[in-house]
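Peer 1: how would this look folded up:
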Amino acid sequence: MRAMIGSRLERLAPGQEMSERNMAQAAAALDAAKALLQLGLFEQSLTQAYDSARKSATALLERQRLRSRAASSHRNTQDVLRHQMGSRIAKQFGTIRRTRHQQEYATRDSPEVFEREASAAIAFAERLHGEISIALPRVGPFPL
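Peer 2: Here you go, the predicted model:
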């Protein structure tokens, strides 16, 4: 992960961290994803679940006084998850990221999002939010 600092991640100055705000936004996006699922709006539900997972991961980064650079920030977030939480979590995040991307930049060939994909995305986002909530109090600035 050290190799990512500078090229793909930037350091935040003390006081710039907004991990609590990002965790609150992640929780709100998760609530929205669940409500949209109940309404049968599966694409929108998956998008909100993805936003929740991304905001949770962003909170973890910010607690370490790091932030993803704008270029490829969503992919950078996935790579950080791989380094810090393991390949299984990063793979699940990547699957949801690609599905959300296909829906946001849809073509005629883009697959439809069904209830099972939206439900799986919500379950993942909920699990990730919970794990990061537990970890945050023990996380400090990433060492140089």
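Peer 1: Which residues does the lowest-mean-pLDDT helix or strand in the chain contact?
Peer 2: Ranking every helix and strand in the chain by mean pLDDT, DSSP states H and E puts strand 9-11 at the bottom, with a mean of 83. With Cβ atoms under 8 Å, 6 or more residues apart in numbering as the test, strand 9-11 has contacts from Met1, Ile5, Leu61, Arg65, Leu66, Arg67, Ser68, Arg69, Asn76, Val80. Heads up, the C-betas are built off the backbone N, CA and C, glycines and all.
Peer 1: Quick check on the residues you listed: which are buried?
Peer 2: Leu61, Arg65, Leu66, Arg67, Ser68, Asn76, Val80 (16 or more other Cβ atoms under 10 Å).
Peer 1: contacting residues for the first one?
Peer 2: By that I understand Leu61. Leu9, Arg67, Ser68, Thr77, Val80.
Peer 1: how near is it to Ile132?
Peer 2: 10 Å (Cβ to Cβ, to the nearest Å).
Peer 1: Ok, Ala121 next?
Peer 2: When Ala121 is compared with Ile132 (using Cβ to Cβ), they lie 16 Å apart.
Peer 1: Out of these two, name the residue with the larger neighbour count.
Peer 2: Ala121 (28 against 25; other Cβ atoms under 10 Å).
Peer 1: wait, isn't that one in contact with Glu43?
Peer 2: No: Ala121 is beyond contact range of Glu43, at 10.5 Å (criterion: Cβ atoms under 8 Å).
Peer 1: can you pull the contacts of Arg75?
Peer 2: Arg97.
Peer 1: can you give me the strands for this protein?
Peer 2: 9-11, 66-68 (DSSP state E).
Peer 1: which one in this structure is furthest away from the centre?
Peer 2: Within the chain, Arg108 marks the point farthest from the mean C-alpha position, 26.7 Å out by Cα atoms, centre = their mean.
Peer 1: how far is stretch 18-27 from where the chain is centred?
Peer 2: For stretch 18-27, the gap between its own C-alpha mean and the chain's C-alpha mean amounts to 11 Å (Cα atoms, centre = their mean, to the nearest Å).
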